[in-house]
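**Q** Give me a model of this one.
(2 chains)
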Protein chains: 2
Amino acid sequence: MTTPVDLLIHNATQLVTCASPDGPKRGKAMRDVGLIRDGAVAVADGEIVAVGPTPDLRADYAARERVDASGKVVCPGFVDPHTHVVYAGDRVGEFEMRIQGATYMEIMQAGGGIVSTMKATRAATVEELVAASRPRLDAMLALGTTAVEVKTGYGLDTENELKMLQAIADLNATHPADLIPTFLGAHAIPPEYRGRTDEYVDLVVEEMLPAVREWRLTNLHSPISTPQFPLFCDVFCEAGVFDRDQSRRVLAAGLALGLKPKIHADEFESLGGVVLAVELGAASADHLDVTPPAEIEVLAQSSTVGVVLPAVNFNLGSTHFADARTMIDAGVALALATDINPGSAPCPSMPLVMAIACRYQRTLPAEALNAGTINAAYALDLGDRLGSIEVGKQADLLIVDAPDYRHLAYQFGVNLVDRVVKRGRLRIVP
Amino acid sequence: MTTPVDLLIHNATQLVTCASPDGPKRGKAMRDVGLIRDGAVAVADGEIVAVGPTPDLRADYAARERVDASGKVVCPGFVDPHTHVVYAGDRVGEFEMRIQGATYMEIMQAGGGIVSTMKATRAATVEELVAASRPRLDAMLALGTTAVEVKTGYGLDTENELKMLQAIADLNATHPADLIPTFLGAHAIPPEYRGRTDEYVDLVVEEMLPAVREWRLTNLHSPISTPQFPLFCDVFCEAGVFDRDQSRRVLAAGLALGLKPKIHADEFESLGGVVLAVELGAASADHLDVTPPAEIEVLAQSSTVGVVLPAVNFNLGSTHFADARTMIDAGVALALATDINPGSAPCPSMPLVMAIACRYQRTLPAEALNAGTINAAYALDLGDRLGSIEVGKQADLLIVDAPDYRHLAYQFGVNLVDRVVKRGRLRIVP
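**A** Alright, predicted model coming up:
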């Protein structure tokens, strides 16, 4: 007796599950990708129904469609847990400024940086935002990213923050990738509030957050409002942006309305954002470039995932990177993300992020892969649905044109993803 | 009266010619990409017959095929002037060793490194070498590289060096990209000559080089033996490999047989390789990671192109890069290359190399583009045939899915090349 299924991928030279059902991987477990040689995976109704050695599955399942993955790797779709992929405009001009020596903060203070993207995003309609962002999501999907966290934060007023949420919702409804939204009203201080940060925090807390909650309630028909898709609240906790008390106010207010916290912490200066994140039970603390050793310990003891963003350091031509090696060794549940955005990381590629991490943060290829799949899913509170090849999970899979998963980080500047399976549907991506 | 042509690409938001008919670009000229707004290019019989503003060309030329490049950039195909793309095996295992701290020299001394690729390459047939290398050339072409220098140097005995040349010739005859061969018998000391470097140099000079010349003469039917395609002779001038006198012997012997010199110099230690290169009139001096200021001056005053290979530094997780900024400012004709090889640069992407150069070597996007096109062509003595969009040159062109050429270096980890035109033939590349 064989069970009928929609899709059977078989003969994979390596099938790597990245399975970790009881929480994110930590420490030595991050070196284990759950490798099955000559592996197979069966898919029905968009979910994974069986995983194991090819001979076992071939006997048990009759598939409508079969894919022979000999010579190839099958792995989970990448989860990119920190992005700003929805925006209008570009910042290619200031790229040249930076080559000639201007810093991120200098560009921001000169009215470039986030503010220039804010202006372009405010000027765009929902439809224009969707049209500008869709090709970027296409590129990400082609590079293997099947789920993407997306932050607001280029609206910086109530109307435009809601417009960004709507663009994210519309893209989620029409693009194959899953988009998981994060409200980041507290991304920067808009020019009209310059010098009045506390008043802007008032606006975020008293007007934006209630409006976001209202928007969410009245958009229950949208896929992103289903229980599977949380809505996060994030803040840029950084010197010159929002201090720890202001950050706490934003995150606590979000939490009270059911928005789970995330935080941008320790990109340039440490303000204790990691401790704040842990105290509030944040899903993740992100950047962590200058996190002090004591706070790495705090993070390691917590359920908060640490998300590092080495494409940003690369993009800035920095020789300093977050100390991912120490974090993993200390027991932090580490995830990787692109941070794709027009200023500090015009990069859609999770494999390149893994490649950078393996070279400048001394992560092993296995650690980088777990950080870009299962741990990234946990950074979005979706570790039970996404990020690994386990029975019952959404069938988001990659067929990689290499005989060993380590090629994903070993080779760089090339897309090894041959085919993408999203919710069980096999896609040919350009 | 309109002139009939095969192909007209028109309406390009930016057409960048990278034209430099009188030699490679230097100094301030490297900032000039020869930008034509609303540009067009006409192609007949595989060559460029006209370049200019769209309205002019549209009136003068009747094309069998037209491509509308509105919203896009048209630029020359990339020329990759330093590669080891023909080899067997991979080195994904030692990639993990290196993450855990082993140096290039330690890996080499432990019998890994070049020697492991030598063993795999010696064990392969010509057909196997061709089959292993073709997908890498496909990836390079898809990323915009239309001409590729390829070195031997994994055979390290006469028979296997000739086998590598044959594989390069066969690939050149059957792959759309042009392959320009370089004999690099003096790439490393093979295990059977360990401790007897001078005797190995004898073998290179007395047996290999004459055999290479003989092979070349008897392979005149091969495209690579046409006058357009020079054959170079290269040497790895480095502490622990070939010293300056040994390097001079190899290059002078090659020169006497009509093989123009190239050199691997100053990757780890400076042995005066740049001065040697200039003295011998080498086409290029490559790596240049630790070239002393006085030798940068010597290079700047010479006709030898300086080729830097930042993907190698990136791959080694190094924070030190060749000082391309100083070189350009001093007047060196700078070129960029991938150095694609299984050990120190598993990277086929010229755009990623440009992206690294703009971030870690402070080259401007224009400088990086000239370095990867026209100057790279001059590094192969092919500046009169390849590397720019000029009338009479081979029609190797890219249509890039971005409105500004600077996006090629600004965005990273993504392939912006939409279509490749090789010898006038429009190709859809995967």
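**Q** Tell me how far the nearest residue to residue A:306 once chain neighbours are set aside lies from residue A:24.
**A** Closest residue in space to residue A:306, ignoring its immediate chain neighbours: residue A:332 at 4.4 Å, by C-beta to C-beta, 6 or more residues apart in numbering or on different chains. C-beta: built from backbone N, CA, C; applies to glycine. Distance of residue A:332 to residue A:24, given as C-beta to C-beta, to the nearest Å: 9 Å.
**Q** Okay, helices next: where are they in the stretch 251-400 of chain A?
**A** A:273-279, A:293-300, A:310-315, A:324-330, A:350-360, A:365-371, A:374-378 (DSSP state H, counting those that start in this stretch).
**Q** And residue A:332 and residue A:24? Which one has more around it.
**A** residue A:332 (31 against 25; other C-beta atoms under 10 Å in any protein chain shown).
**Q** Would you mind giving both backbone torsions of the more buried one?
**A** The phi/psi pair for residue A:332 (degrees, to the nearest 10) reads phi -70, psi 140.
**Q** Also the one 5 residues further on?
**A** In this entry, residue A:337 is assigned phi and psi values of phi -150, psi 160 (degrees, to the nearest 10).
**Q** count of neighbours near residue A:137?
**A** With other C-beta under 10 Å as criterion, residue A:137 counts 25.
**Q** Over to it. Which of the three states is it?
**A** At residue A:137 the chain is in helix, as set by DSSP: H, G, I helix; E, B strand; the rest coil.
**Q** Who are the packing partners of the longest strand seen in chain A?
**A** Looking across chain A with DSSP state E, the single longest strand is strand A:3-16. Packing partners of strand A:3-16 (3 or more C-beta pairs under 8 Å, 6 or more residues apart in numbering or on different chains; DSSP states H and E): strand A:35-44, strand A:47-53, helix A:54-60, strand A:61-68, strand A:73-76, strand A:397-400.
**Q** Pairing partners for that strand, with directions?
**A** strand A:35-44 (antiparallel), strand A:61-68 (parallel), strand A:73-76 (parallel) (DSSP bridges).
**Q** now that strand against strand A:47-53, angle please.
**A** 60 degrees (axes from the mean of the first three to the mean of the last three C-alpha atoms, to 10 degrees).
**Q** any low-confidence regions in chain A?
**A** Filtered on pLDDT under 70, chain A yields the residue ranges A:110-111, A:220-229, A:429-430.
**Q** Grab the nearest non-local neighbour of residue A:53.
**A** Residue nearest to residue A:53 in three dimensions, not counting chain neighbours: residue A:38, with 5.8 Å by C-beta to C-beta, 6+ apart.
**Q** and that neighbour, how many neighbours does it have?
**A** Quick note: residue A:38 (other C-beta under 10 Å) scores 16 neighbours.
**Q** Up against chain B, what does the stretch 201-350 of chain A have?
**A** Selection of the stretch 201-350 of chain A residues close to chain B by C-beta under 8 Å from any C-beta of the partner chain yields A:311, A:314, A:315, A:316, A:317, A:319, A:338, A:346, A:347, A:348, A:349.
**Q** Who are the contact partners of the second one?
**A** When contacts are counted by C-beta atoms under 8 Å, 6 or more residues apart in numbering or on different chains, residue A:314 is found next to A:347, A:356, A:360, B:359, B:412.
**Q** Helix or strand: which one has residue A:132?
**A** helix A:126-142 (DSSP states H and E).
**Q** ugh, typo on my part, it should be residue A:419
**A** strand A:417-422.
**Q** How about residue A:90?
**A** Short version, using DSSP H and E: residue A:90 is in no helix or strand.
**Q** repeat for residue A:117
**A** Per DSSP H and E: helix A:114-123 holds residue A:117.
**Q** Residues touching that helix, excluding its own?
**A** By C-beta under 8 Å, 6+ apart, helix A:114-123 touches A:87-89, A:91, A:94, A:108, A:129, A:153-157, A:160, A:164, A:187-188, A:190-191, A:341-343.
**Q** From those, list just the buried residues.
**A** Neighbour-count burial (16 or more other C-beta atoms under 10 Å in any protein chain shown) applied to the contacts of helix A:114-123 gives A:87-89, A:91, A:94, A:108, A:129, A:153-157, A:160, A:164, A:187-188, A:190, A:341-343.
**Q** Out of these, which sit inside helices?
**A** A:94, A:108, A:129, A:160, A:164 (DSSP state H).
**Q** Surely residue A:75 and residue A:373 touch.
**A** Yes: counting by C-beta atoms under 8 Å, residue A:373 is a contact partner of residue A:75 at 7.0 Å.
**Q** of the two, who's got more company?
**A** A side-by-side neighbour count of residue A:75 and residue A:373, using other C-beta under 10 Å, places residue A:373 first with 33 against 28.
**Q** got a list of what the more buried one touches?
**A** A:18, A:75, A:76, A:77, A:78, A:79, A:387, A:388.
**Q** ok, back up a step: Throw the helices of the stretch 251-400 of chain A into CSV and include distance to residue B:397, thanks.
**A** Conversion of these to CSV gives the following (distance: least, C-beta to C-beta, whole Å):
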stretch, distance to residue B:397
helix A:273-279, 49
helix A:293-300, 51
helix A:310-315, 28
helix A:324-330, 41
helix A:350-360, 26
helix A:365-371, 36
helix A:374-378, 39
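**Q** Tell me which of the ones you listed sits nearest to residue B:236.
**A** helix A:350-360 (23.0 Å; C-beta to C-beta).
**Q** Can you tell me which helices and strands the closest one packs against?
**A** Short answer (3+ C-beta pairs under 8 Å, 6+ apart): helix A:350-360 packs on strand A:78-80, helix A:310-315, strand A:334-336, helix A:365-371, helix A:407-410, helix B:92-99.
**Q** what about the last one, near chain A?
**A** Yes: contact between helix B:92-99 and chain A, assessed by C-beta under 8 Å from any C-beta, occurs at B:92, B:95, B:96, B:99.
**Q** roughly how far apart are the residue sitting nearest the centre point of chain A and residue A:371?
**A** For chain A, the residue nearest the mean C-alpha position is residue A:81 (1.5 Å; C-alpha atoms, centre = their mean). Going from residue A:81 to residue A:371 by C-beta to C-beta gives 10 Å.
**Q** do residue A:173 as well
**A** Counting by C-beta to C-beta, the gap from residue A:173 to residue A:371 is 29 Å.
**Q** which one of these two has more residues nearby?
**A** Ranked by neighbour count (other C-beta under 10 Å), residue A:173 and residue A:371 place residue A:371 first, with 34 against 12.
**Q** Look up how far residue A:255 lies from the closest residue to residue A:333 other than its chain neighbours.
**A** Sequence neighbours aside, residue A:24 is the residue nearest to residue A:333 in space, at 3.6 Å (criterion: C-beta to C-beta, 6+ apart). Residue A:24 is 21 Å from residue A:255, where distance means C-beta to C-beta.
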